[in-house]
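> need a 3D model of the following:
(2 chains)
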Amino acid sequence: MHFDIDQYYSRMNSGEVILAYKGSISSELITNVLEVIDAKLEDLIIRKSIKKKLYNVLVESLQNLYHHIDDLPDSTNGKFDVHFGIFVITKEGERYKVSTGNFIRNDKIQPLQDRLERVMSMSKEELKNLYKQILNNQDFTKKGGVGLGLIDMAKRTDGQLDYQFREYNEDYSFFNLDIYV
Amino acid sequence: MESISIEGTTKTPEVKLNPENGVIEIKGRSIPENSIEFYRPIIEWLDEYAKNPNKKTTVNVQLEYFNTSSSKCILDIFKKLETLKKARNEVVINWYYEEDDEDMLESGEDYESIIRVPFKMIEIVD
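Take a look at the predicted model:
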């Protein structure tokens, strides 16, 4: 039995939803979403520093999605758009939650999980030092990233991240990342 | 040498590079998915400028947002300026941040500690 993405999406879509999207993640989509959300946050959030933090986290999480989505092979992919991903922004009490979801090849889970655990266990000072070290020493990857997205989000939110991997089939899982601002 | 003037968009900053007065300005948002392409002409301009620079180079960076992809390119720019300073040219870097934006102030401090050129931190008050 496959993990049910639709059911999962509707569950994510509960509470005070600011924005929810399910489908193809393209550069144009990101541009449009950022424009819409920029205007929306302007109305919603009074403290500019919170608005900026949230916006920054959105940029990184959407671009992480864009760079790291694995597409399901054609045989099983009829159901999903190319470069399929999910993201939802909700308000939970005083906090904002940014959730993203995407397919990942099962053999990539362990390294990602190790990275997540490492980043989530670090203090702000450790994150800052790691950020500077990577910034200063790493070259661009083939995907055009620098491997700083997760560290940047953890640094800005004091490590308030949460994640889950749900098996989809023997080769792929669905990866869900929640970031609290 | 030519000056460069690039208009800002929702994802890329306004950039002004003026060889006459040695003023370099980067302003707005820098959040493209791939920043290398956007920054390449700026880096190339700086390489050219460094061959015959003004006695004084003033750099004004006033960013509202930048993503991690841009952060690398921005560091590359600062490294060019560090080289310029090592060659005994005067280099002034003004890092602007909005009131209350501690993350942006911190980013400026991070760059400053990597390149060893003092930054002037300027708070913009509404």
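> and the helix or strand that contains A:Asp43, what other elements does it pack with?
Using DSSP states H and E, A:Asp43 sits within helix A:27-44. For helix A:27-44, the packing partners by 3 or more Cβ pairs under 8 Å, 6 or more residues apart in numbering or on different chains; DSSP states H and E come out as strand A:16-24, helix A:48-68. C-betas here are computed from N, CA, C, even on glycine.
> need those in a markdown table with distance to chain B and mean neighbour count, can you?
Formatted as a markdown table, the helices and strands packed on helix A:27-44 follow (distance: least, Cβ to the nearest Cβ, whole Å; neighbours: other Cβ atoms under 10 Å in any protein chain shown):
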| stretch | distance to chain B | mean neighbour count |
| --- | --- | --- |
| strand A:16-24 | 15 | 15 |
| helix A:48-68 | 5 | 21 |
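> ok, now which ones touch A:Ile18?
With contact set as Cβ atoms under 8 Å, 6 or more residues apart in numbering or on different chains, A:Ile18 has these partners: A:37, A:40, A:44, A:89-91, A:96.
> and with 6 Å instead?
By Cβ atoms under 6 Å, 6 or more residues apart in numbering or on different chains, the contact set of A:Ile18 is A:Ile89.
> switch the helices and strands packed on helix A:27-44 over to CSV; also include mean pLDDT.
Below are the helices and strands packed on helix A:27-44 laid out as CSV (pLDDT from 0 to 100):
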stretch, mean pLDDT
strand A:16-24, 93
helix A:48-68, 92
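> on that earlier part again, please state the offset of the helix holding A:Asp43 from the chain centre?
In terms of Cα atoms, centre = their mean, to the nearest Å, the centre of helix A:27-44 is found 16 Å from the chain centre.
> what sits up against it?
Counting by Cβ under 6 Å, 6+ apart, A:51, A:62, B:10, B:33 sit against helix A:27-44.
> where does chain B dip in pLDDT?
Nowhere does chain B drop to pLDDT under 70.
> just to revisit the earlier point, the helices and strands packed on helix A:27-44 into a markdown table, with extra columns for distance to B:Met121?
Below are the helices and strands packed on helix A:27-44 laid out as a markdown table (distance: least, Cβ to Cβ, whole Å):
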| stretch | distance to B:Met121 |
| --- | --- |
| strand A:16-24 | 33 |
| helix A:48-68 | 16 |
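> what's the lengthiest strand in chain A packed up against?
Looking across chain A with DSSP state E, the single longest strand is strand A:95-105. Helices and strands touching strand A:95-105, by 3 or more Cβ pairs under 6 Å, 6 or more residues apart in numbering or on different chains; DSSP states H and E, are helix A:48-68, strand A:84-92, strand A:172-180.
> and chain B, which residues reach chain A?
Residues of chain B that fall close to chain A, judged by Cβ under 6 Å from any Cβ of the partner chain: B:10, B:31, B:33-34, B:67-68, B:72, B:75, B:100-101, B:103, B:110, B:114.
> among those residues, which two are most distant?
B:Asn34 and B:Asp100 (30.4 Å; Cβ to Cβ).
> give me the distance between A:Gly93 and A:Met122.
As judged by Cβ to Cβ, to the nearest Å, A:Gly93 and A:Met122 stand 26 Å apart.
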